[in-house]
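Participant: Any chance you can model this:
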Amino acid sequence: MAISADHVGRRYPPTSPYQVSAAKIAEFAHALGDEDSAYAGEKPIAPPTFVAVISSTAWESMFADPELGLARRRTVHGDQRFSYRRPLRAGDAVTATLTIDRVRSRGSADIISCSADVETVGGELICTAETTFLHTHETDA
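Facilitator: Numbers count the residues shown, from 1 in each chain. Predicted structure coming up:
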C-alpha cells in the first residue's frame, strides 16, 4: 500500500526522551558557524534549528510504517518551519510526537506535510516543527 490522503491525522507515539545538553548546543552552534553568546555559558538556549535534531527522530516512525510504503532513498526534505512557545534550553528532556497533516499526490510523487510537537517529558509544548517531504513512487525498470 502507498501513502494517501487516508493517512492524514495519523499520529505516532512520542520518541524516547532526548536530553538537551550545553555540549550538544555548543556543537550544533559551532557547526552552524553561529557564535551567538546565547548558545554558550551555563544556561544556554539552543539555536532555533536545533529542534530538527529531535523532530527528525520522530520521522523514523513514519518511514518505518509499512502501511505507507515510504523509502528514504526516494524522499527529499523540501521545507521546514518552527513555531516556538519558548526557547529550547540545556537541561530540557524532550520528546517529539509526529502527525501526518496533509498528503497530496502529483504525478509520480507524493507531497507529505507533517508536524512534530516537541514537548518536555512533563508535557510542556516547546515547539512545533512542520516539515514537507517530496516522495517519489517506485518506477518499473
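Participant: Quick check: beta-bridge partners of F82?
Facilitator: A129 (DSSP bridges).
Participant: Count the residues that sit near it.
Facilitator: Counted by other C-beta atoms under 10 Å, the residues lying close to F82 total 19. Quick note: C-beta positions are derived from backbone N, CA and C, even for glycine.
Participant: tell me the contacts of it?
Facilitator: P48, T49, V51, C127, T128, A129, E130 (C-beta atoms under 8 Å, 6 or more residues apart in numbering).
Participant: The same query, at a cut-off of 6 Å, please.
Facilitator: For F82, the contacting residues are P48, V51, C127, A129, by C-beta atoms under 6 Å, 6 or more residues apart in numbering.
Participant: One more: S113?
Facilitator: D101, R102, T132 are the contacts of S113 under C-beta under 6 Å, 6+ apart.
Participant: Of those, which is the most crowded?
Facilitator: Neighbour max across the contacts of S113 (other C-beta under 10 Å) = T132, 17 neighbours.
Participant: That residue belongs to a strand?
Facilitator: Yes: judged by DSSP: H, G, I helix; E, B strand; the rest coil, T132 forms part of a strand.
Participant: isn't it right up against D79?
Facilitator: Yes: here T132 lies in contact with D79, judged by C-beta atoms under 6 Å, at a distance of 4.0 Å.
Participant: Count the neighbours of the residue lying closest to S21 once chain neighbours are set aside for me.
Facilitator: Once flanking residues are discounted, S21 sits nearest to A90: 5.8 Å by C-beta to C-beta, 6 or more residues apart in numbering. Neighbour count for A90, taken as other C-beta under 10 Å: 19.
Participant: all helices in the chain, in order from the N-terminus.
Facilitator: For the chain, applying DSSP state H gives helices covering 22-32, 51-64.
Participant: Quick check: the spatially most central residue of the chain vs S108, distance?
Facilitator: The centroid of the chain falls nearest to S55 when counting by C-alpha atoms, centre = their mean (2.6 Å). Distance, S55 to S108, using C-beta to C-beta, to the nearest Å: 27 Å.
Participant: which stretches of this structure have low pLDDT?
Facilitator: Low-confidence segments of the chain (pLDDT under 70): 1, 139-141.
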